[in-house]
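K.L.:
what would the 3D arrangement of this be:
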Amino acid sequence: ATYVGVAVGFLTTFFVLTRFLSAEEIGLARVLIDAATLFIGLAQLGTTSSIIRFFPYFRDNRASCTENSQPTDYHGFFFWSLIVPLVGFAVFSLVFWLCHASLGAWFSEKSPLFMDYYYFVLPLAFFMLYQTVFETCSNVLMRIVVPRAVREILVRVGLLVCYLLYAFRVISMDGFVVAICLNYALAAAVDIVYVFAVGHISLRPDWTFLRNHPEIIRKYLIYTLFLIISALASVLAPTLSSFFITAKMGLSYTGVFAIATYMAVVVSIPYRSLSSIASPQLADALKREDRPETSMLMQQVTNNTLLVGCFIFLCIWVNIDLIFHLLPNGDTYAVAKNVVFILGLSQLILATFSFVLNALNYSRYFAYSLLLSFLLTVLAIVLNNVLIPVWGIEGAAMSNLLSYAVYFVLVVLCVCGFGKTSPFCLSQLYTLGAFVAVLAFNGLCLSFLPIANIWLSSIVRSVCGVGGFALVAYRFQFSPQIYALLRSVFISRH
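P.N.:
I've put the predicted structure just below:
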């Protein structure tokens, strides 16, 4: 589902957005979704992380069901999973309303169009919030296929339809924004129906179970309070560049930056797939304080995401000139070539080490993540303020890279130092060596052996560089899991 979604996203970005929408219109869609993403990160009150962390407590204790609870009640776990974000949404909706005047003063000069649709962020955020919550509920029930398909395929196909309807003027700008909201409403509805259909869950609270296990309530409240505070930092940092560009440079630049981001974010797709499967296992291993299993999970996930992420990055960067050549109105967006490279590195760091961050968040040392999240936010704010006036959108990309680099170095140090576990293995060093070698080979080819025909140039560098990377990784088994998977595919076909 993830890679079908990538194909749909590719079609949307390369043949619809850049062809039919202006950079300003692309920027508006981007900043609305980013604003809603920031909103739900705060409004959910840490629910998505809490669901994964605390579900084992409710599941493991099901043998001690009370007389009033059924085997599928999970002691009212899912009732609280829905109520907590609803409370958060109500609180932050009030905050959002109160901030209208101050935010209007910040955005109105360069991006007045965004303020025209300011309040559409609320319904969009509501639907995105419960899509995320029910997707996480499906993950802990080990039912990940349909919710993943909803996020990666249904949402993207829906957005593609919205863009086409607006491109051919079937709907107005107002209708376009409403259609985006309805698209996420449909996605949330499908996830809700699916969870109730296959999960056999109950929304009846089990008060007796909570009275018998007050330590769970105490742990949950402390953890949730921590997440509420840290969410302000951890959710703000990834979307900060978009808001700074919108306020300081205008929606047109936001649109150009968005196209570069769409390309770069493909690098982190492997992590999203692996994390949905491995995060519940990680939470369970940490609950049991099984350090060898925790280290093994981190090493496998980080190694696989690094290897696949490097391969995807090389596919994009080696062919970046051809990509902009094929892109409708490519000259408009080619100014973001270096932005793609910088953001691609940021996404590679994010994809490789986000699972390590999960290990810190799910452990008893989760409070350290709060300090690091604040550091990430401060770094992002300072660097965006300093670098955007100097380097524009390249400065925004560089602020992302530097912030994430410092942040994840400290995250890894905390996990290794406090948790006595390690996400590192020798294969990661081999992967990085091959990755740097291909980048150097690509640069040397462009500098000393240029080929005038852009198609031929891309083909030669892709076959020699990217093909060589894949061959070496396979031959020397940089990832035993991927090697075994490919071997099984080859053997089954012969």
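K.L.:
per-residue confidence at C65?
P.N.:
pLDDT for C65: 42.
K.L.:
any idea how far E152 is from G158?
P.N.:
According to Cβ to Cβ, to the nearest Å, G158 stands 12 Å off from E152. Bear in mind the C-beta positions are built from the backbone N, C-alpha and C, glycine included.
K.L.:
then Y74?
P.N.:
From Y74 across to E152, the span is 27 Å (Cβ to Cβ).
K.L.:
more neighbours: which of those two?
P.N.:
Y74 (26 against 22; other Cβ atoms under 10 Å).
K.L.:
identify the residue spatially nearest to that one, adjacent ones excluded.
P.N.:
Distances taken as Cβ to Cβ, 6 or more residues apart in numbering place F58 nearest to Y74, at 5.0 Å, with adjacent residues excluded.
K.L.:
helix or strand: which one has that neighbour?
P.N.:
Element membership of F58, judged by DSSP states H and E, is helix 47-60.
K.L.:
what is the mean pLDDT for that helix?
P.N.:
Rounded mean pLDDT across helix 47-60 is 72.
K.L.:
which strands or helices does it pack on?
P.N.:
Helices and strands touching helix 47-60, as assessed by 3 or more Cβ pairs under 8 Å, 6 or more residues apart in numbering; DSSP states H and E, comprise helix 77-98, helix 121-140, helix 214-234, helix 269-287, helix 337-362.
K.L.:
is F96 in contact with L124, as I believe?
P.N.:
No. Contact status for F96 versus L124: not in contact, 11.7 Å apart, counting by Cβ atoms under 8 Å.
K.L.:
looking at the two, which is more packed in?
P.N.:
Ranked by neighbour count (other Cβ under 10 Å), F96 and L124 place L124 first, with 26 against 20.
K.L.:
contacts only, for that one.
P.N.:
Residues near L124 by Cβ atoms under 8 Å, 6 or more residues apart in numbering: L32, I33, A36, I180, C181, Y184.
K.L.:
sec struct for Y365, please.
P.N.:
What DSSP: H, G, I helix; E, B strand; the rest coil gives for Y365 is coil.
K.L.:
how many residues are close by the residue nearest to Y74?
P.N.:
Neighbours around F58, by other Cβ under 10 Å: 21.
K.L.:
from here on, count from 595
P.N.:
Right, with 595 as the first residue, what we last looked at is F652.
K.L.:
can you list the weak-confidence ranges in the stretch 645-794 of the chain?
P.N.:
Within the stretch 645-794 of the chain, the segments meeting pLDDT under 70 span 653-667, 669-670, 793-794.
K.L.:
which other helices and strands contact the helix or strand hosting V984?
P.N.:
Assessed by DSSP H and E, V984 sits inside helix 961-985. Judged by 3+ Cβ pairs under 8 Å, 6+ apart, helix 961-985 is in contact with helix 808-828, helix 830-842, helix 931-956, helix 987-1013.
K.L.:
now those helices in JSON lines, with mean pLDDT and mean neighbour count?
P.N.:
Output for those, formatted as JSON lines (pLDDT from 0 to 100; neighbours: other Cβ atoms under 10 Å):
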{"stretch": "helix 808-828", "mean pLDDT": "72", "mean neighbour count": "16"}
{"stretch": "helix 830-842", "mean pLDDT": "85", "mean neighbour count": "23"}
{"stretch": "helix 931-956", "mean pLDDT": "94", "mean neighbour count": "23"}
{"stretch": "helix 987-1013", "mean pLDDT": "94", "mean neighbour count": "20"}
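K.L.:
out of these, nearest to A852?
P.N.:
Smallest distance to A852 across the helices and strands packed on helix 961-985 (Cβ to Cβ): 7.5 Å, for helix 830-842.
K.L.:
what's the offset of that closest one from the middle of its chain?
P.N.:
Relative to its parent chain, helix 830-842 has a centroid offset of 16 Å by Cα atoms, centre = their mean, to the nearest Å.
K.L.:
show residues contacting the helix or strand just after that helix.
P.N.:
Using DSSP H and E, the helix or strand that follows helix 830-842 towards the C-terminus is helix 845-858. Contact with helix 845-858 is made by 603, 607, 611-612, 615-625, 704-705, 707-708, 835-836, 839-840, 910, 917, 921, 926-927, 929-930, 933-934, 937-938, 940-941, 986-987, 990-991, as judged by Cβ under 8 Å, 6+ apart.
K.L.:
tell me what angle helix 845-858 forms with helix 987-1013.
P.N.:
Angle of helix 845-858 versus helix 987-1013, following axes from the mean of the first three to the mean of the last three Cα atoms, to 10 degrees, is 50 degrees.
K.L.:
for helix 845-858, list the C-alpha coordinates in CSV.
P.N.:
Output of helix 845-858 as CSV, limited to C-alpha atoms (Å, rounded to 0.1, in the frame of the first residue of the first chain):
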residue,chain,number,x,y,z
LEU,A,845,2.8,31.2,-0.5
SER,A,846,4.5,30.9,-3.9
TYR,A,847,7.8,30.0,-2.2
THR,A,848,5.9,27.7,0.1
GLY,A,849,4.6,25.9,-3.0
VAL,A,850,8.2,25.5,-4.4
PHE,A,851,9.4,24.2,-1.0
ALA,A,852,6.4,21.8,-0.9
ILE,A,853,7.4,20.2,-4.2
ALA,A,854,10.9,19.7,-3.0
THR,A,855,9.5,18.2,0.2
TYR,A,856,7.3,15.8,-1.7
MET,A,857,10.4,14.5,-3.4
ALA,A,858,12.5,14.3,-0.3
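K.L.:
L821 and I936, how far apart?
P.N.:
29 Å.
K.L.:
how about CSV for the helices and strands packed on helix 961-985, with distance to S644 added?
P.N.:
Formatted as CSV, the helices and strands packed on helix 961-985 follow (distance: least, Cβ to Cβ, whole Å):
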stretch, distance to S644
helix 808-828, 6
helix 830-842, 20
helix 931-956, 10
helix 987-1013, 20
